[in-house]
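> whatever this is, show me its structure:
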Amino acid sequence: MLIESLKWRKEHDVDNLLKDYKEPQVVVKYFPGEWNARLTDDEQRPLYVIKLGSLDVKGLLKSIGEEGLLRLTLYICEQGLKKMEEQTMLHEKPIWSWCLLVDCKNLSMRHLWRPGLASLLRIIEVVEKNYPETMGRVL
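Predicted coordinates for the structure are as follows:
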């Protein structure tokens with residue numbers, strides 16, 4: 001699994017993602033997710049907040065495509081690794097995972113658009129394979 005993940009990272013240039021990736025303007029303007037710089041969970045894990053009910057899945061996929069959404073997700077995961085490292089240094093103890101807070105306000109059936117769900121499942125598969133056990137808690 002490790003060998004496959006290292007090969008995948010090289011093939012997709014993931015190690016350069018933090019310095020090379022530029023969020024598309026539509027993401028900057030409309031994507032309802034961000035790292036909370038002031039808060040961590042009770043175990044000092046970095047906290048990412050996404051307002052799922054405010055996410056326009058169809059609009060996002062039509063504007064940046066599935067590959068663009070995957071790239072954005074990988075960028076967030078790489079930021080999480082960096083933030084875990086920062087928390088480790090700050091607290092002088094290993095922080096091995098991060099916390100995801102999902103705000104479900106306004107979540108409805110419109111979010112169950114079939115192509116959006118298919119893209120989400122593919123992205124989850126990629127993340128599970130290449131960022132194992134980095135998600136410490138989902139609230």
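
> surely Lys58 meets Gly116?
Yes. Using C-beta atoms under 8 Å, Lys58 is in contact with Gly116, at 6.5 Å. Just so you know, the C-beta spots here come from the backbone N, C-alpha and C atoms, and that holds for glycine as well.

> show me which of those two is the more surrounded one.
Neighbours were counted for Lys58 and for Gly116 using other C-beta atoms under 10 Å; Gly116 has more, 19 against 13.

> who are the contact partners of Leu101?
Asn36, Leu47, Tyr48, Val49, Ile50, Leu139 (C-beta atoms under 8 Å, 6 or more residues apart in numbering).

> let me fix that: Leu100
So Leu100 contacts Leu47, Tyr48, Ile50, Met135, Arg137, Val138, Leu139 (C-beta under 8 Å, 6+ apart).

> cutoff 6 Å now
Tyr48, Val138 (C-beta atoms under 6 Å, 6 or more residues apart in numbering).

> next SSE after the helix or strand where it lies?
Assigned by DSSP states H and E, Leu100 belongs to strand 98-103. Next in sequence after strand 98-103, counting helices and strands by DSSP H and E, comes helix 114-130.
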